[in-house]
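Novice: Coordinates for the following, if possible.
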Amino acid sequence: MSEPFSQPVSLGDYRIPDEREKAIKSHVANLGKTARQVSDQLAFGADVSDLQRVLEANAEDGTNDLSR
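Specialist: Have a look, this model is predicted:
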């Protein structure tokens, strides 16, 4: 079974349905993988234009496709 999901306090008594929780966890994991891939390609002193260049290059060659 998956680890417990920490519900945001702002939701009060609302409980995120299990199927939504799974989708949220999957999306967050993919965001983490993409962030790691991008950070590996950026120089330490990168600026916004460098980030945009890396994201666009990955989109063009398909390296941001994490479903593989």
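Novice: Look up how far Val38 lies from the residue nearest the centre of the chain.
Specialist: Taking CA atoms, centre = their mean, the centroid of the chain lies closest to Leu31, which sits 0.9 Å from it. From Leu31 across to Val38, the span is 11 Å (CB to CB, to the nearest Å). In short, each C-beta sits where N, CA and C put it, glycine included.
Novice: Could you do Tyr14 as well?
Specialist: 33 Å.
Novice: and these two? which has more neighbours close in?
Specialist: Neighbours were counted for Tyr14 and for Val38 using other CB atoms under 10 Å; Val38 has more, 17 against 9.
Novice: three-state assignment of Gly45?
Specialist: coil (DSSP: H, G, I helix; E, B strand; the rest coil).
Novice: Where does the residue of the chain most remote from its centre sit: helix, strand or coil?
Specialist: Each residue of the chain has a distance to the centre, and by CA atoms, centre = their mean the biggest one is for Asp13: 26.7 Å. With three-state DSSP as the basis, the three-state label of Asp13 is coil.
Novice: do you know how far it is from Leu55?
Specialist: Distance of Asp13 to Leu55, given as CB to CB: 39 Å.
Novice: same deal with Ser10?
Specialist: For Ser10, the distance to Leu55 (CB to CB) stands at 30 Å.
Novice: quick one: which of the two has more around it?
Specialist: Per other CB under 10 Å, whichever of Ser10 and Leu55 has more neighbours is Leu55, with 15 against 6.
Novice: helices or strands next to the host helix or strand of Asp50 in the packing?
Specialist: Counting by DSSP states H and E, the element that carries Asp50 is helix 48-61. Identification of packing neighbours for helix 48-61 by 3 or more CB pairs under 8 Å, 6 or more residues apart in numbering; DSSP states H and E yields helix 18-41.
Novice: Would you mind pulling up the elements that the helix it packs on packs against?
Specialist: Applying 3+ CB pairs under 8 Å, 6+ apart, one finds that helix 18-41 makes contact with helix 48-61.
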